[in-house]
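> The following block contains a protein sequence and its predicted model.
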Amino acid sequence: MKTLKIFALLLLASVAANAQSSTDVSGVTKSALPDTFQNVLNLAQMTFLMPKGAMPIPIVKNKQMHYEYAITFKDQPFEVRYSIAPVGYTVAEAYTGGKGITPHKEAKVEDEFGAKVTSTVVAMNVAGGRPTQGMGSNPFPPEAVKKEFGADWGSTTIIPIGNNSFGTEYKFCVMVTLFKKDVATAYVMYLSDTRENVVKLMGELVAKTGGFYALKFK
């Protein structure tokens, strides 16, 4: 049974910062996925299992950050968005599965340092274009992120959201970044209307169903 070490650290950081489906033994539900999301999953060598009780919702077009899939839970002010960037492909190329395309790799950009820089840029975009008061980031322990997600590096970032097209009615985000060298970077964004709700609902709807590990590297 998983110990949820990373999830426990994430909650501590948050407080300090102010089709048909079937269920597997972990309580996570398998579900049919849109082609664009499945394509980026394949290129990124990742798997996704729908958290129990979750339902897919439409993508919100916005200027801040692209994402391929989103879920919510009935009658809850809570949403989870998944964004995946396979190494060597543009967003458009990745959405088509990269067919007939030779990946373009840039070592200086796609190493751990590059992943950290990009994660910071993504966080600022989600916030509304600049750092906001209360924003903060913490890395995951290397051994834990490897064991629990199959990643080489990961972090959690606390993001108060400004008035922008990404946040819509949401005002607070906890973003998990997962990076695997030469493979992909993924972002999981947990959104709610308040800091208190995002922490509370992550515990009730995500941790208890095993959904915190819904997206991981193979």
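Sure, I can see it.
> Can you pull the phi and psi angles for the residue sitting nearest the centre point of the chain?
By CA atoms, centre = their mean, the mean C-alpha position of the chain lies nearest to residue 188, the distance being 1.0 Å. When quoted as degrees, to the nearest 10, the phi and psi of residue 188 stand at phi -110, psi 120.
> ditto for residue 125
According to degrees, to the nearest 10, residue 125 has phi -60, psi -50.
> Would you enumerate the residues in contact with residue 128?
Residue 128 sits next to 64, 161, 162, 163, 164, 167 when contact means CB atoms under 8 Å, 6 or more residues apart in numbering. In short, each C-beta sits where N, CA and C put it, glycine included.
> how about 10 Å then?
64, 159, 160, 161, 162, 163, 164, 165, 166, 167 (CB atoms under 10 Å, 6 or more residues apart in numbering).
> Same question for residue 155.
By CB under 10 Å, 6+ apart, the contact set of residue 155 is 10, 13, 115-116, 119-120, 123, 137-140, 145, 175-179.
> name the element it belongs to?
Per DSSP states H and E: residue 155 is located in strand 153-160.
> What pairs with that strand, parallel or antiparallel?
In the sheet, strand 153-160 lines up against strand 136-139 (antiparallel), strand 172-180 (antiparallel) (DSSP bridges).
> Give the rounded mean pLDDT of the shortest one.
This points to strand 136-139. When pLDDT is averaged along strand 136-139, the result is 92.
> Identify each buried residue in it, please.
Neighbour counts over strand 136-139 (16 or more other CB atoms under 10 Å) mark residue 137 as buried.
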